[in-house]
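**Student:** whatever this is, show me its structure:
(chains A and B)
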Amino acid sequence: MVANIGYGALLITFLISIYGAVAAVYGARRNSSTWVDSARNATLLTFPLLTISSLSIIYLLVSGSYSVEYVSSVTSNSMPLYLRVTALWGGQAGSLVFWSWLMSAFASAVTLRKWNRDREFLPWVILVSLVTLAFFLILIIFVENPFVRIWITPMGSVSTAMFQPAGTSLFTPTDGQGLNPLLRHPGMIIHPPMLYLGFVSFVIPFAFAFAALVTGRTDDRWIRVTRRWTLVAWLFLSLGLLLGGRWAYDVLGWGGYWGWDPVEIAAFMPWLTGTAFLHSVMIQEKRGLLKHWNMVLVILTYDLVIFGTFLTRSGVLSSVHAFAQSAIGPLFFGFIALTFAVSLGLLVRRWKELKSTGYMTSVFSREAFFLANNWLFMIILVVCFLGVTFPVLTEALGFVGQRIPALADVFTGQKVTFGPEWYERITAPFFAGLLFLMGIAPLSAWKHSTLKTLGRGAWKPFIASLLVLVIVFFIGVRHWAALLGFWLAALTASITLFEFWRATRARSHAHGENLLLALWNLAGRNRRRYGGYVIHLGVVLMAIGIIGIEVFQKQTQGTIAQGEQLALGDYSIRYDSLAVFDTDDGRNVARAVISVYRDGKYLGELYPRRDYYYESQQPMTIAGVRSTMEDDFYVLLVDWEPVSTAGATFRVYHNPLVNWLWLGGFVFILGTMVAAWPDKDPELVVERGRQVIAAAQVN
Amino acid sequence: MRNISAKVLLALALSVAAVLLPSETVFAQQPTPSDDQVNAIAKQLYCPVCENIPLDVCPTQACAQWRDLIREKLAAGWNEQQIKDYFVDQYGDRVLGTPPVRGLNWLAYLIPPVAILAGAYVLFMALRSRQNPTEQPDSTMLVPPPADEYVSRLEEEVKKR
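**Tutor:** Numbers count the residues shown, from 1 in each chain, chains lettered A, B, ... in the order given. Predicted coordinates for the structure are as follows:
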C-alpha cells in the first residue's frame, strides 16, 4: 500500500515536471505569464509529491517491510532507527529519490524568490530544473525503482516487480541484508546529503546561465543573482568532500584521507570547476572580462555534477560491461551529451553578444592572477578527468585490437589503474602553484598592479615566511618538497594575515574603532572578500596537514605476542590482550588492548578492533587512534591468533600534523559561511544596485 | 636511532641464537621477509579483484593470500621488479598503480603536458593582448568553434522558437 503511494507520487511528479517544462517554454514563447505561472506552480508541486515519495520509503525502511527489495537490501532487524532512516541514501534507488527530492526543494526555493527584476529568466530556470528533475525521475521509475517488491511463485521461484505478476504472492523475508557496514559511520551518514546538496545546488547557477543565454540578456545579472547560490553549493560540496575524507580516514583503515579513487574524483571535479568559477566570475563583475569563459565553467560544472552522479551510479567504473548491462549508464550518457551540446550551442549563438567590455591591462593585476588560477584548476581537472575516464576507454577500445590484429598491441583492451602516484606526480606542482597564487593574489589590485606595488605589500610577509622556513629547517625538516610546501603555506598565511592587519588598522584609524571592532566591521562590510581570506587560511592549514601526512607518514607492520613490543620511530606499542565477543547488533568484535609508549614513556591505551558483520558477512577495521595536533598515532588490528595468548598482527601508522587538515577544513567551512551569509536586507542591496545601474545609464 | 639499532642488533642476535640453538621455539619474532618488506611491494600493486584498493591495505582474504605470495617470492630471492612483472603477467596491467608506458597508455602521459602547454598558450595570449584593446583578452579559445553539424542544427532549432 505505502509502496504504491510512493510509486504513484513518483509517477505524478514525473508527469508534472514534464508538463511544467513544456508549459514554461510555451509560456516564454507566447510571452504568456499565465503559462509561466502554471509552470511555476508545477515546480512547487513537485516538492510535496517527492516528499510523500521519500516519506513512503522511510516508512517502509523503518517498519522493516522486507517485501520491498530496496528495504531488504539496505536494512535489517538489528539496525537502529537512525540508520534505517538514513538508509534512504544508503543504496542506489533510494539515493536517486533523495537526489530528486533535494532537486525539487531547490527548484521550489528558487521559483519562490522575487522575480520582478528578471522575470524573463523564470521560464528557463524552471525548464532546466524540471528537465533535470524529470531525467532523474526517469532513472528512478524505469530503471532503479525503490518500490519494487519481491514475489514468489508456488514453485518457490522468486522474482522482483513493482506489481504482482500472475500466479505469485508477496514474499517477505524475515530479515534484510542490512546496510553496508562501511556506511554505518556518522561521517557517511552526513557525507552523501552534503555532497548531493552541493551537486543539486550547482544546478541553479547553471539554470540562470542557461536562461541568460536563451534570453540574450548577457549582462552579468545572472552572475549577481546566483552568487549566493554558487557559494552555498560550493559550501556543501566542500563539506561533502571533507566529510568523505574524514570518513575514509576513520573507516577505510588505510591511514589516509584521500586515495584518488574515481568515486572521490567524481565529486572533486565539479568542485574544481566550481572553485575556478567562483574566482573567475569576480573578473566579470569587476572588469567585464571572461564572459564566455564563465559560461563554459558553469556548463562544465553542471555536466560534471551529472557526470559525477553517473560515475558513481552506473557501475561504469567497475567495468564497461556492468555499464552496458544496465540502462542507467546510456541514459546518463545521453543526458550529459544533450545538455552539453545544447548549452554550448546556445553559447556559440550568443558568442558576439558576450564580448568582453574591458581588457587586460597588467600581468600583475588581480584578474591576471585569477586567470592563472583558472589555468591551474583546469589542468588539475584535465588530469582528474583523464585518470577517471582512461581506464574505461582502454577497456572499451579493446575491440579495435581484436578486429585489427596489427593494432592488438596498442588496443589491448586491458584495464589500467591510476593510483595516487600518477595523480600526485602530475598535479603536485599545480597545487603548489595554487597555494602561491592564493598567497600573492590578495596583494594585487584590479586593473593596475606592477611588480613594484606587489613588492611593497609583500616584503614584510615574505620575511616572515623566510623566518618560518628557517625555523622549520632547524626543527629538522630536510625534505625539499616539504620545505617548499611549508614556505608557501607560511607565505600565504602571512600575506593573508597581513592583509587583515593592514585593513583593520586603517579602519581603526579612520573610524576611531578599537581593533577588534574594526576587524568585525571590516569583515561584515565585505564578507565575500574576507570570508574568502578565511577560506584561504583554512586551505593553508589543510596544506600543512597534507604535507605532514604525505611526506612524513611512517608505517610498519608486525606480528607480536602478548607482552611484546613493536616500534615505529619514537613510538612503540605493547600488545596487552585481546577479546573476541558478539554484540547485540549482529557484530562479532575482536578488540585488542595495546599500550602506547613514546621514548619509553607510557602514553595510554588504544583499542584497535575488527568488527565482523554477520548479516552482510563484511569485516570492518576500526583503528585505535591517539590524536594530537602534533601527530596521529594510528593502530590497526590486522590479524590475530585464535588462541588469545598467541600473537596478533598490528599495522601502525605515524601521521604527523594530520589534524591540521581537519582544523583547516573547519576554518575553510567557517570562511565559506562568512562569505555566503545572507545580507540583512537584500532589497536594500538590490536598491543600491539599481541606483548604480541607473547612474551608469545616465552617464 | 640508537634505540632502533640496539633493537635490530638484539633481533639479529636472537635470530642467530634461534638458528644455532634449535629448541621449542617461542613465538616467532617476525616472519622473513618482514611484513614491511612485503607491504613495500604490495603498496605499488593493486588488488586484482577489489576496486582501486592498494594490495597492502586490502582487507580481503584473497589479498592476504596475494601478500603471502609476495612473501614467498621474496623468500625465494625474487626482486621487486620480478615480482611486479609476475603480477602483471598473471593479472594484467591493472595491478600496477601507474599504467606502464606502452600502447595506448602513452596518451595518459602525453595528454597532461599537452593540456598544460595549451593552457599556458591561452594564458599567454590573454596576457599578451593586454595592450591591444581590439583583441579579446580572455580564454575563449578553449571552446572549439561550432564546426559540428549537430551543434549548428541544434542552434537552428533554438532559433526557430
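**Student:** A:Leu381 versus the closest residue to chain A within chain B, what's the distance?
**Tutor:** Residue of chain B nearest chain A, by C-beta to the nearest C-beta: B:Gly97 (2.9 Å). From N, CA and C alone the C-beta is placed, and that goes for glycine too. From B:Gly97 across to A:Leu381, the span is 21 Å (C-beta to C-beta, to the nearest Å).
**Student:** what does B:Ala62 give?
**Tutor:** 35 Å.
**Student:** returning to what we had before: and the pLDDT at the residue of chain B closest to chain A?
**Tutor:** You'll see B:Gly97 listed with a pLDDT of 84.
**Student:** what packs against the host helix or strand of A:Tyr70?
**Tutor:** According to DSSP states H and E, A:Tyr70 maps onto helix A:69-74. Helix A:69-74 is packed against helix A:33-63, helix A:92-111, strand A:149-152, with contacts defined by 3 or more C-beta pairs under 8 Å, 6 or more residues apart in numbering or on different chains; DSSP states H and E.
**Student:** what's the mean pLDDT across it?
**Tutor:** Rounded mean pLDDT across helix A:69-74 is 92.
**Student:** quick check: angle from the helix or strand hosting A:Ile299 to helix A:92-111?
**Tutor:** A:Ile299 belongs to helix A:291-313 when assigned by DSSP H and E. With axes from the mean of the first three to the mean of the last three C-alpha atoms, to 10 degrees defining the directions, helix A:291-313 sits at 150 degrees from helix A:92-111.
**Student:** got the CA positions of helix A:291-313 in PDB?
**Tutor:** Extracted in PDB, the C-alpha atoms of helix A:291-313 (Å, rounded to 0.1, in the frame of the first residue of the first chain):
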ATOM      1  CA  LYS A 291      32.100  36.300 -20.200                       C
ATOM      2  CA  HIS A 292      32.400  33.300 -22.400                       C
ATOM      3  CA  TRP A 293      34.700  31.500 -20.100                       C
ATOM      4  CA  ASN A 294      32.300  31.900 -17.100                       C
ATOM      5  CA  MET A 295      29.600  30.300 -19.200                       C
ATOM      6  CA  VAL A 296      31.900  27.500 -20.100                       C
ATOM      7  CA  LEU A 297      32.800  27.000 -16.500                       C
ATOM      8  CA  VAL A 298      29.200  26.900 -15.300                       C
ATOM      9  CA  ILE A 299      28.200  24.500 -18.100                       C
ATOM     10  CA  LEU A 300      31.100  22.300 -17.200                       C
ATOM     11  CA  THR A 301      30.200  22.300 -13.500                       C
ATOM     12  CA  TYR A 302      26.700  21.300 -14.300                       C
ATOM     13  CA  ASP A 303      27.600  18.500 -16.500                       C
ATOM     14  CA  LEU A 304      30.400  17.300 -14.200                       C
ATOM     15  CA  VAL A 305      27.700  17.200 -11.400                       C
ATOM     16  CA  ILE A 306      25.700  14.900 -13.700                       C
ATOM     17  CA  PHE A 307      28.800  13.100 -14.700                       C
ATOM     18  CA  GLY A 308      29.900  12.600 -11.100                       C
ATOM     19  CA  THR A 309      26.500  11.000 -10.300                       C
ATOM     20  CA  PHE A 310      26.800   8.900 -13.500                       C
ATOM     21  CA  LEU A 311      30.300   7.600 -12.500                       C
ATOM     22  CA  THR A 312      29.200   6.600  -9.000                       C
ATOM     23  CA  ARG A 313      25.800   5.300 -10.100                       C
END
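**Student:** domains in chain B, as residue ranges please.
**Tutor:** By the assignment in automatic domain parsing, chain B contains the domains B:35-98, B:100-131.
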